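Undergrad: Quick one: sequence and predicted model below, then my questions.
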Amino acid sequence: MIQRVHAVAMNPLYTVRAAAPRRVFARASIRTYASQTPGNPMLEVFNRKTKHLQKDRAAQNVEESRKVDYLKDEVAMRLCERLLDIKRDFPQVLDLGANSCNIARALTMPNLDTAAPEGTLTPPLAERIQKLTCVETSRALLHRDEDLPFNKEIDLTRDTWRRFPYAPNSFDAVLSSLSIHWVNDLPALLAQVNTILKPDSPFIGVMFGGDTLFELRGSMQLADLERRGGVSPHVSPLADVKDVGSLLTRAGFKMLTVDVEDIVVEFPDTFALMQDLQAMGESNAIMHREAGPLSRDVLLANEAIYRALHMEDGAPGIPATFRMIYMIGWKEGKDQPQPLQRGTGDINLTEVLGGGDFSKK
Amino acid sequence: MPAQTRPIEKIAKATAQCSVEAAAYGKCVVADYSTVHKDMCAKEFLRLKDCFLVSGIELPFALEQQANTLQAASKKA
């Protein structure tokens, strides 16, 4: 078929005669089918090998790597807080893209009891989890904190992530913290997560999104433009909040919750920011990024522009915004509560919550 | 291994000494940031770079060379 189309394109006179030589051609050469994974053709955005190397290299400097875990630890804590709302035991839990097992550490911390008087602690979430499996692409990062005390407080298995070896319906919860923003084929990954979950079990994840590092993205573009007359992507693209809902729906999740949280970190200068990103293993890994280090002129220009644009008066350092998108989706299950049809509610919310009438105030 | 200073730390230190020039350059770019083009603020940038290169902090070799040529050029002018 392709042969004929080609012939037509080359010279319309050959179309009638194309049938005979085509058969000869087919016999003479061996062709195999090109295979492609089913579903939509995938667009490679990130270079997986680059990302792997960045994470491995970052983790090899253990001291530096631990020092910059402030963001991942904080976000892991906030993610695990969401588990507190689910009054259940989780025999089997998967931590997808575990980094240095930040979630495992967060799970072993005692929690503040919000219902009891102030200062009362509830036992750590780890007591409700029988077995935690941590998967991560970077072996060095995954095994970095193997010897720390928290490993003894939770039944932990570390797994280097090559492909998905897990059977369908095998996990009671899948958690993921600051990792899946590097995944090329997010729809396929979420669909697999949905498959390995047991019915009526949650996927709770968080990733960098949308406006993360918008300051750096903008000032880098300006510096590039002014110094070199063109723009090269220095900050990797991220998913937007409004895409996450449809992504989860596409993967078959029900009862979605998506919310956004900003953490603004103050750095002494842009160089410190970039060093920290590198030590986190979160440097740019876009497919066709420029080879070699950044030009020093651009670095210098970027520092000046970043300060001019974003530094607040009197502040000692520069702000950098990290936007976290939290997502919760439940695998479909029997007896799962369903949302009611629109318009079927028979309680007026103003009666329950009070207020609501702005004209009276 | 003793803690060695990375080139980027040296650059950060050198830049910190040129805050006046950096502010001038930043102001120039930001003043009209929707229509930035190449070398729009070349004058301000050269002043910043000049300060950066002669800031007296031991720089990586390649940069040191650059500093020497720049100084020679400015003497000629």
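TA: It's in. Numbers count the residues shown, from 1 in each chain, chains lettered A, B, ... in the order given.
Undergrad: tell me the phi and psi of the closest residue to chain A within chain B?
TA: Closest residue of chain B to chain A, CB to the nearest CB: B:Gly26 (2.7 Å). For glycine as for every other residue, the C-beta is placed from the backbone atoms N, C-alpha and C. Backbone geometry at B:Gly26, expressed as degrees, to the nearest 10, gives phi -60, psi -40.
Undergrad: quick one: what helix or strand has the spatially closest residue to it that is not a sequence neighbour in it?
TA: Spatially, and ignoring its direct neighbours in sequence, B:Gly26 is nearest to A:Ala308 (2.7 Å; CB to CB, 6 or more residues apart in numbering or on different chains). Following DSSP states H and E, the helix or strand that holds A:Ala308 is helix A:296-310.
Undergrad: Kindly export that helix (C-alpha atoms) in CSV.
TA: Output of helix A:296-310 as CSV, limited to C-alpha atoms (Å, rounded to 0.1, in the frame of the first residue of the first chain):
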residue,chain,number,x,y,z
ARG,A,296,28.6,32.5,31.9
ASP,A,297,27.3,35.6,30.3
VAL,A,298,23.7,34.3,30.4
LEU,A,299,24.2,33.2,34.1
LEU,A,300,25.4,36.7,35.0
ALA,A,301,22.6,38.4,33.1
ASN,A,302,20.1,36.0,34.6
GLU,A,303,21.1,36.8,38.1
ALA,A,304,20.7,40.5,37.5
ILE,A,305,17.4,40.2,35.8
TYR,A,306,15.9,37.8,38.4
ARG,A,307,16.8,40.3,41.1
ALA,A,308,15.3,43.2,39.2
LEU,A,309,12.1,41.3,38.5
HIS,A,310,11.4,39.4,41.6
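Undergrad: Partner strands of the next helix-or-strand element following it and their direction?
TA: As assigned by DSSP H and E, the chain's next helix or strand after helix A:296-310 is strand A:318-331. Sheet pairing of strand A:318-331 (DSSP bridges) gives strand A:202-208 (antiparallel), strand A:253-267 (antiparallel).
Undergrad: Could you give me the buried positions within stretch A:322-332?
TA: Within stretch A:322-332, the residues scored as buried using 16 or more other CB atoms under 10 Å in any protein chain shown are A:Phe322, A:Arg323, A:Met324, A:Ile325, A:Tyr326, A:Met327, A:Ile328, A:Gly329, A:Trp330, A:Lys331.
Undergrad: List just the nearest of those to chain B.
TA: Distance to chain B across those (CB to the nearest CB) is lowest for A:Phe322, with 20.9 Å.
Undergrad: hang on, the closest one packs against A:Asp211?
TA: No - counting by CB atoms under 8 Å, A:Phe322 does not reach A:Asp211; the two are 9.1 Å apart.
Undergrad: where do the contact lists of these two overlap?
TA: The contact sets of A:Phe322 and A:Asp211 overlap at A:Asp262 (CB atoms under 8 Å, 6 or more residues apart in numbering or on different chains).
Undergrad: returning to what we had before: now for the residue of chain B closest to chain A: which residues touch it?
TA: By CB under 8 Å, 6+ apart, B:Gly26 lies in contact with A:Ala304, A:Ile305, A:Tyr306, A:Arg307, A:Ala308, A:Leu309.
Undergrad: element containing A:Asp95, please.
TA: Using DSSP H and E, A:Asp95 falls within strand A:90-96.
Undergrad: quick one, that strand and strand A:202-208 angle?
TA: 20 degrees (axes from the mean of the first three to the mean of the last three CA atoms, to 10 degrees).
Undergrad: what sits up against strand A:90-96?
TA: For strand A:90-96, contacts defined as CB under 8 Å, 6+ apart pick out A:83, A:101, A:103-104, A:128-135, A:166, A:170-177, A:179-180, A:193, A:196, A:205.
Undergrad: and those, which are buried?
TA: A:83, A:101, A:103-104, A:128-129, A:132-135, A:166, A:171-177, A:179-180, A:193, A:196, A:205.
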